[in-house]
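# Quick one: sequence and predicted model below, then my questions.
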Amino acid sequence: VCKVCRRAGTKLFLKGDKCFSQKCALVRKPYVPGPKAKRRTKNFSEYAKELKEKQKLRNWYNLEEKQFSNYVKKVLGARGKVADAAAFLIEILESRLDNVIFRLGFAPSRAAARQIISHRHILVNDKHVNISSYLVKKGDQIKIRPASVSKTIFKNLSQTIKNYKAPMWLELDKEKLEGKIVSVATMVEAAPPAEISSIFEFYSK
């Protein structure tokens, strides 16, 4: 997983807390993986640059290629109907339940959030949802199932979440371990690590 970040040349925060420490592979080895001869800087084609941007965002949200391409194609199909296609794509990706669980601080990474969801630890509007791709909307309430709070995976959550600050589009109750969608995610808050226009160009060819 760490090689993905090294290859991208930027932190994609795929390993949770490790990404914020000196143990981060990108801190220890700030160069692309592989033989030294392949690490030399070279001029990339436009296609290679677009591919790299696509891979950055896809890995950032921990998505398979088919999932990611479906989201992008959906947005491309809506061009002309939405004011900002790039912002619309990010809004959709940020609305995924696994991302919301991560943004609320309930999981150290999106991969961990996906596991929590699949194990039926999450309730959306008091109903079990075990689909990571479920898209939340404004007004939805997300919380950890009461019977799951005592599970080992959430053992230290109350402590680790004390100093955590959720994005403005989410309302977090740290005592009850509950969250609410109060608006839509913005580009500024999401801070995607890739150039969205290059991704659109990649899929438009």
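Nice, thanks for sending it over. This structure is a prediction, so every number in the text was calculated from the model and none was measured. Residues are numbered from 1 along each chain as shown.

# hey, what's Lys180 bridged with?
Judged by DSSP bridges, the bridge partners of Lys180 are Gln141, Glu171.

# I should have written Ile122 there, sorry.
Ile144.

# show me the contacts for Leu97.
When contacts are counted by C-beta atoms under 8 Å, 6 or more residues apart in numbering, Leu97 touches 113, 117, 122, 124, 129, 131-136, 142. The way it works is simple: take the backbone N, C-alpha and C, and place the C-beta from them, glycine included.

# Relative to Leu123, how far out is it?
11 Å (C-beta to C-beta, to the nearest Å).

# Please identify every residue contacting each of the two.
129, 142.

# List the buried residues of stretch 79-95.
Within stretch 79-95, the residues that count as buried by 16 or more other C-beta atoms under 10 Å are 85-95.

# now swap in stretch 126-138 and tell me
Using 16+ other C-beta under 10 Å as the test for burial, stretch 126-138 gives 129, 132, 134, 136.

# Leu177: how many residues sit nearby?
Counted by other C-beta atoms under 10 Å, the residues lying close to Leu177 total 20.

# To clarify, my last question referred to Pro193.
By other C-beta under 10 Å, neighbour count at Pro193 equals 17.

# all helices for the protein, in order.
Along the chain, counting by DSSP state H, helices occupy 2-8, 25-28, 36-39, 46-60, 65-77, 85-94, 97-103, 110-118, 157-160, 187-190, 196-204.

# May I ask which helix or strand of the protein has the lowest mean pLDDT?
helix 36-39 (a mean of 52; mean pLDDT, DSSP states H and E).

# And for stretch 196-203, what's in contact with it?
Here stretch 196-203 has contacts from 47, 49-51, 53-54, 57, 69, 72-73, 75-76, 85-86, 89-90, using C-beta under 8 Å, 6+ apart.

# List buried residues within the residues you listed.
50, 53-54, 57, 69, 72, 75, 85-86, 89-90.

# export those to TSV and tack on pLDDT?
As requested, the buried ones among the contacts of stretch 196-203 are exported to TSV (pLDDT from 0 to 100):
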residue	pLDDT
Glu50	92
Glu53	93
Lys54	95
Leu57	95
Ser69	96
Val72	96
Val75	95
Ala85	95
Ala86	95
Leu89	97
Ile90	97
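
# Report the central residue of this protein.
Per C-alpha atoms, centre = their mean, the C-alpha nearest to the average position across the chain is that of Tyr61, at 3.4 Å.

# how much space between that one and Lys81?
23 Å.

# which stretches of this structure have low pLDDT?
1-42 (pLDDT under 70).

# follow-up on the earlier one: identify the farthest-apart pair in the contacts of stretch 196-203.
Tyr47 and Ile90 (23.2 Å; C-beta to C-beta).

# Okay, Val82 and Tyr71: tell me how far apart.
13 Å.

# Same question for Gln115.
On the measure of C-beta to C-beta, Gln115 and Tyr71 end up 21 Å apart.
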